[in-house]
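[1] any chance you could fold what I've pasted below:
(chains A and B)
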Amino acid sequence: MLVEAQTSDMLLPIPVAAARPQAALAPREESPAVRLALTAVALAFLGLFIVLPLVVVFSEALQKGAAFYFSAFAEPAATAAIRLTLLTAAIAVPVNLVFGVTAAWAITKFEFRGKSFLITLIDLPFSVSPVISGLVFVLLFGLQGWLGPWLAENDIKIVFAVPGIVLATIFVTFPFVARELIPLMQEQGTAEEEAAIVLGASGWQTFWRVTLPNIKWGLLYGVLLCNARAMGEFGAVSVVSGHIRGLTNTMPLHIEILYNEYNFAAAFAVASLLALLALVTLVAKSLLELRLDRRKP
Amino acid sequence: MSIDIVSISKRFGDFSALKEVDLSVRKGELIALLGPSGSGKTTLLRIIAGLEWPESGDIRIDGESAVSSGARERRVGFVFQHYALFRHMTVFDNVAFGLRVRPKPLRPSAVEIKARVDELMQLVQIDWLAGRYPTELSGGQRQRVALARALAIEPRVLLLDEPFGALDAKVRKELRRWLRQLHTEMGMTTVFVTHDQEEALEVADRVVVMSQGRIEQIGTPEEVYAHPANPFVYEFLGNVNRLSVEVRNGEARHAGLALGDIEGVRGASGEAPVYIRPHDIEVVPSAGGPSTDGEGTVRFIAAAGPTVRLEIETPGAASPIEVELPQAAYRALALTVGSRVTLRARRGRLFAARAA
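    Down below sits the predicted model:
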């Protein structure tokens, strides 16, 4: 290749760059005015829709001073909501981590019938409105639902209780890990796994020593997004929660209640915590992306 | 170790990749599976390795049926087409992998593994790359790492899928020689897949020519080149002229050129194709005068390289006849484009049209 390039250079004694008139632009360059305008529009949008709301959240939260800000978290209902949110995420994220890896593994490393149907199914929670996602569980496990009478008989509470919230969250955050891994694993193919098996590795060894190290950054990224959504989910959780203060309210639901009670400062205080989580997620995601880019050959 | 492939068939959906293939590889042999893409050669290799399951048939490694054991148990060394090196591991860890995943009782100690890996890396001349990652290596280096990794498990047979396919011409040639030498030193039964006939003929002890899921011919490079079993092998191995001739009274005639010793004429009659290698055609300058049997016009000359390639238009053939001459003979003839020449085929092979 290199040799070819050199010979063709020798055949073309006029350097290409010099042949170009000086005022002309490279095909991909825009004039300064256009560049400035495009940048300005992008920045204005960013400011209006992202930065400004964030600023509002934090300024409203701190409106009554730092003491009030922290007291908003000390309130028992708020602590309960934070605890419930953490609990929900602590269950939903690992469940979806295991599911996502399994599904991505099955889809990308094996050929089977109904594969594309499975991929579509994984996407379902993304395409369905969260309210419907919540409603499905009410219809399934609610008192009037399919399994309701049996559950009531056995004294198991799912809807309007913690299990329902966890289920709805799992459903909504279902696609994140799998969606992140499928293209990555598809691109990597199965050759390395085959090599490992020919070299005598068991399925388990192949997974831990070859597959997992190859997908770990993508996996972490998927988990991060999954976690952010699990903590922030409102619609589906709102339907199944029943809004029992101190018992079935997650942070987003608690914020809504505070807001509806005109307790703006407290509402924004809790909201700022969620916003902070989003920011941390973003930073972690950017760091991961940096890492991913550097590893690309 | 010997490999016996007995009546192996394999389908992928509606596509029949292998049709009752039989093949015996002797102990210590270096075999090339040669064929165009889609001929089933890689499938056959993967079946030997246990990466693919045949629908029917048996594989015996050293007389022992291996068809029911998976790739993991077969202990074969496999070098993948694009090497399939573990991208997150260093060269050392790649080579050590096969030893480290052994079950505890069979696993060598860390010291033994280190010694073995060092030895292998020296063998394939990559010991100075131990700490590098696969992305930091050239194609030829990756190839050597893949080979060292495959050899680490002390395989019973070595299988290579298009071992030189992804390399540039110069490295390819060097590695080819090196593989041949390595094989001579270790004496391991080796099967490699290639679509490059030159590679197969140069490296292998025996060549297996495949097409459309069947074996067309098995033989030494000399045999398959000099005595192709059928038109496919003739056309696939090297350049060949295909002429339609008329056979009458046990003699083949062609308007374009005089035919010498043509194999397979006996028993044939009527129209039949004859295959003649370009270097089996003799060129004599025409004496002038009225055109005679076998006379043609030189239309093209490629004079660079050890042999000179001529394309000669004859009245009897639809496409120009290709002729290869040694440089010295070419110079003695003093040919130019437009020269009138008389052609004589020294030898060729007639294949009676296959009975439908």
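[2] switch to C-alpha atoms for all contacts and neighbour counts from now on
    OK.
[3] specify the local secondary structure of B:Arg347.
    strand (DSSP: H, G, I helix; E, B strand; the rest coil).
[4] name the element B:Asp4 belongs to?
    strand B:3-12 (DSSP states H and E).
[5] what residues of the next helix or strand after that strand count as buried?
    Later in the chain than strand B:3-12, the nearest helix or strand by DSSP H and E is strand B:15-25. By 16 or more other Cα atoms under 10 Å in any protein chain shown, the buried positions in strand B:15-25 come out as B:Ala17, B:Leu18, B:Lys19, B:Glu20, B:Val21, B:Asp22, B:Val25.
[6] show me what contacts the first one?
    It stands for B:Ala17. The contact partners of B:Ala17, by Cα atoms under 8 Å, 6 or more residues apart in numbering or on different chains, come to B:Ser9, B:Lys10, B:Arg11, B:Gly38, B:Ser39, B:Gly40, B:Thr43, B:Gln212, B:Gly213.
[7] tell me the average confidence for the strand or helix carrying A:Leu274?
    Assessed by DSSP H and E, A:Leu274 sits inside helix A:264-295. In this model, helix A:264-295 has a mean pLDDT of 81.
[8] name the helices or strands packed onto that helix?
    If contacts are counted by 3 or more Cα pairs under 8 Å, 6 or more residues apart in numbering or on different chains; DSSP states H and E, helix A:264-295 sits against helix A:52-61, helix A:65-74, helix A:212-232, helix A:251-260.
[9] do the longest one and chain B meet at all?
    Yes. Taking Cα under 8 Å from any Cα of the partner chain as the criterion, helix A:212-232 and chain B are in contact, through A:Pro213, A:Asn214.
[10] tell me the helix or strand right after that helix.
    Next along the chain after helix A:212-232, taking DSSP H and E as the criterion, comes helix A:235-241.
[11] do I have it right that A:Ile197 meets B:Arg74?
    No. Using Cα atoms under 8 Å, A:Ile197 is not in contact with B:Arg74; the gap is 10.2 Å.
[12] quick one: low-confidence ranges for the chain?
    Answering for chain A, as no chain was given. Applying pLDDT under 70 to chain A flags residues A:1-28, A:292-297.
[13] you looked at the wrong chain, it should be chain B
    B:255-256, B:287-294, B:353-356.
[14] let's see 50
    Applying pLDDT under 50 to chain B flags residues B:355-356.
[15] and it, which of its residues are near chain A?
    Counting by Cα under 8 Å from any Cα, the residues of chain B close to chain A are B:49, B:51, B:71-78, B:80, B:84-88, B:97-98, B:101-102, B:135, B:150, B:153.
[16] among these, which are located in strands?
    Residues of the residues of chain B next to chain A located in strands (DSSP state E): B:Val76, B:Gly77, B:Phe78.
[17] of these, which is the nearest to A:Pro53?
    Proximity of those to A:Pro53 (Cα to Cα) peaks at B:Phe78, which lies at 58.4 Å.
[18] now the closest one, nearest residue through space, not along the chain?
    Take B:Phe78 and drop its neighbours on the chain: the residue closest to it by Cα to Cα, 6 or more residues apart in numbering or on different chains is B:Leu159, 4.8 Å away.
[19] from chain A, how far off is that neighbour?
    11 Å (Cα to the nearest Cα, to the nearest Å).
[20] show me what contacts that residue?
    B:Leu45, B:Ala49, B:Val76, B:Gly77, B:Phe78, B:Val79, B:Thr190, B:Val191, B:Phe192.
[21] try it again with 7 Å
    Shown in contact with B:Leu159 (Cα atoms under 7 Å, 6 or more residues apart in numbering or on different chains): B:Leu45, B:Gly77, B:Phe78, B:Val79, B:Thr190, B:Val191, B:Phe192.
[22] highest neighbour count among the ones in strands among the residues of chain B next to chain A?
    Highest neighbour count within these, by other Cα atoms under 10 Å in any protein chain shown: B:Phe78, with 29 neighbours.
[23] how close does that one get to B:Val145?
    Distance of B:Phe78 to B:Val145, computed by Cα to Cα, to the nearest Å: 12 Å.
[24] can you give me the buried ones in stretch B:258-276?
    Those would be B:Ala258, B:Leu259, B:Ile262, B:Val265, B:Ala268, B:Ser269, B:Ala272, B:Pro273, B:Val274, B:Tyr275, B:Ile276, for stretch B:258-276 by 16+ other Cα under 10 Å.
[25] please report phi then psi for the fourth one.
    Reported as degrees, to the nearest 10, the phi and psi values for B:Val265 are phi -70, psi -40.
[26] who touches it in this structure?
    Counting by Cα under 7 Å, 6+ apart, the residues that B:Val265 touches are B:Gly250, B:Glu251, B:Ala252, B:Leu350.
[27] and the contacts of B:Leu159, which is closest to A:Ala278?
    B:Val79 (46.5 Å).
[28] does the closest one touch B:Arg144 like I think?
    No. The criterion here is Cα atoms under 7 Å, and B:Val79 misses it with B:Arg144 at 9.6 Å.
[29] who has more neighbours out of these two?
    Legend: neighbour count by other Cα under 10 Å for B:Val79 and B:Arg144, higher for B:Val79 (27 against 21).
[30] what helix or strand does the residue nearest to that one when sequence neighbours are not counted sit in?
    Among residues not flanking B:Val79 along the chain, B:Leu160 sits closest, at 4.6 Å (Cα to Cα, 6+ apart). B:Leu160 is part of strand B:157-161, with elements assigned from DSSP H and E.
[31] name every strand pairing with that strand and say which way it goes.
    Strand B:157-161 has its sheet partners listed here by DSSP bridges as strand B:76-79 (parallel), strand B:189-194 (parallel).
[32] in it, what counts as buried?
    For strand B:157-161, burial by neighbour count (16+ other Cα under 10 Å) applies to B:Val157, B:Leu158, B:Leu159, B:Leu160, B:Asp161.
[33] check those and tell me the two furthest apart.
    Distance extremes for the buried residues of strand B:157-161: the farthest pair is B:Val157 and B:Asp161 at 13.3 Å, using Cα to Cα.
[34] please, where are all the helices along the stretch 51-200 of chain B?
    For the stretch 51-200 of chain B, the helices defined by DSSP state H, counting those that start in this stretch cover B:71-74, B:91-100, B:110-123, B:139-151, B:169-186, B:197-203.
[35] the residue nearest to the spatial centre of chain A and chain B, how far apart?
    For chain A, the residue nearest the mean C-alpha position is A:Leu225 (2.2 Å; Cα atoms, centre = their mean). Computed as Cα to the nearest Cα, the A:Leu225 to chain B distance reads 24 Å.
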